[in-house]
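> sequence and predicted structure, then a few things I'm wondering about:
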Amino acid sequence: MQKKLICLAKILVILLIFFIFIIPLNILKAETYEEFLSNHKFENTNMEPGTQKAVYLTEYSIADIKKRKEIYELVSNTELNSIVFDVKDDSGSIGYDSSIELAGESGAEKKYYNIDAVLREMKSKGIYSIARFVVFKDNILSRFRPDVAIKDIRTGNPLYSEGSYWPDIYCEEVWDYYIDIIKELAEKGVNEIQFDYIRAPAKGNIAYADYTYNTAGNDKVWAITNFLKKVKEAIRQYNIKISADVFGWTFIVDNDQGIGQMLEEIAPHLDYIYPMPYPSHYSTNFLGYELPEAHPYEVVSYTLNRGLARIDNTGCIAVPWIQAFSLKVKYTEREIISQIQAAEDLGIEGFLFWNAANKYGTVEKVLNARENERELDF
């Protein structure tokens, strides 16, 4: 009995030593975020125009250290070289610590993340930074300054469409507010400003839209094009690129769809254009397919091919968004690879992955498969 008690006592002492000394030492050895940043250096590369390969992150994701680390590791271990992240989102919210007066007064400035710190991290790792800037869907500005919003002809109040109020695309005071933000981002060292929702509202109550700042009776293409011209003039002194997201349909039709996106008119004022040819967004019987989402290669190839010739002499480079989410069809590695292949078969070298929830597990599998395939080719 005494031997058993002695044996048990020895076991307890060993366990006590383990919990008191060994586990804390292992915890102390755990790599901190700062150590991760300094220990895991990426190879700096000079990205060739049109070769940006990125995932998209919301302002909440870019503010999350754990998520940033996850994405930095994804970039480090794959062919990715860029990150698209929100600086101004669909509500008009500005995620970083802006010094623009109107951003603070209107409540747009949210300070979710320190943009200077984020840009330092990206630069140290050779990551090309693309700041997603939602333009003319801006609920915060339109509510704070209803005088600069698109009006509803029935009430004279701001027009509500697509789940938001919208600033008047013809209002130069709105343009100037956005240009102030753009210049601030350029001074901070962002590599590229990517405009999203650079258009008029496309659905909803648009029949009642009154553009009170359109005193000269210009079309919507004029408003979008002249906004871009003013942006380009304002940032001439900065080393920054300007780009825009457009509907996939913009690459197909030869009109502005009533929203101001006319490919030939806007492309000359952009360094890059990012069409969104998501197969899930095409209607039944597009290209004769009952469910276009089930035919990603064909849909993406057709869309891009229709638009490439139209921007051939503009100096603007097309890089597509890739659907990395599922709607009616579950998108696996196969569907994602099909979209990339469609772009590469047309000579396009870059691509951006869109997943609104920022879940890129399937994308990682795709990129690893592509890397393994390249290794086999050697």
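Alright, I've got the coordinates. Residues are numbered from 1 along each chain as shown.
> okay, CA-based contacts and neighbour counts for the rest of this
Fine.
> my guess is D256 meets M262, correct?
Yes - using C-alpha atoms under 8 Å, D256 is in contact with M262, at 4.5 Å.
> ok, those two, which is more surrounded?
M262 (22 against 18; other C-alpha atoms under 10 Å).
> still on that earlier bit, which residues do D256 and M262 both contact?
Residues touching both D256 and M262 comprise 221, 250, with contact defined as C-alpha atoms under 8 Å, 6 or more residues apart in numbering.
> packing partners for the helix or strand A244 falls within?
Taking DSSP states H and E as the criterion, A244 maps to strand 241-247. Secondary-structure packing of strand 241-247 (3 or more C-alpha pairs under 8 Å, 6 or more residues apart in numbering; DSSP states H and E): strand 192-196, strand 272-276.
> residues in contact with the residue lying closest to Q52 once chain neighbours are set aside?
Nearest non-adjacent residue to Q52, counting by C-alpha to C-alpha, 6 or more residues apart in numbering: G350, 5.0 Å away. Counting by C-alpha under 8 Å, 6+ apart, G350 touches 50-53, 319-320.
> in the stretch 251-378 of the chain, where is pLDDT below threshold?
377-378 (pLDDT under 70).
> and the strands in the stretch 101-250 of the chain?
With DSSP state E, counting those that start in this stretch as the criterion, the stretch 101-250 of the chain has strands at 109-113, 128-134, 151-152, 160-161, 164-165, 192-196, 209-210, 241-247.
> now those strands in a markdown table, with mean pLDDT?
Formatted as a markdown table, these follow (pLDDT from 0 to 100):
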| stretch | mean pLDDT |
| --- | --- |
| strand 109-113 | 97 |
| strand 128-134 | 98 |
| strand 151-152 | 98 |
| strand 160-161 | 96 |
| strand 164-165 | 97 |
| strand 192-196 | 98 |
| strand 209-210 | 98 |
| strand 241-247 | 98 |
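> just those: most buried one?
Mean neighbour count (mean count of other C-alpha atoms under 10 Å) peaks for strand 128-134 among the strands of the stretch 101-250 of the chain, with a mean of 24.
> and the contacts of that one?
The contact list for strand 128-134 (C-alpha under 8 Å, 6+ apart) reads 47, 52, 81-90, 92, 119, 122, 190-198.
> only alpha carbons, please: show that strand as CSV.
Provided in CSV are the C-alpha atoms of strand 128-134 (Å, rounded to 0.1, in the frame of the first residue of the first chain):
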residue,chain,number,x,y,z
TYR,A,128,0.1,44.9,-53.8
SER,A,129,-2.6,46.8,-51.9
ILE,A,130,-6.0,47.5,-53.7
ALA,A,131,-8.4,49.7,-51.8
ARG,A,132,-12.0,49.0,-52.6
PHE,A,133,-13.9,52.3,-52.6
VAL,A,134,-17.7,52.1,-53.1
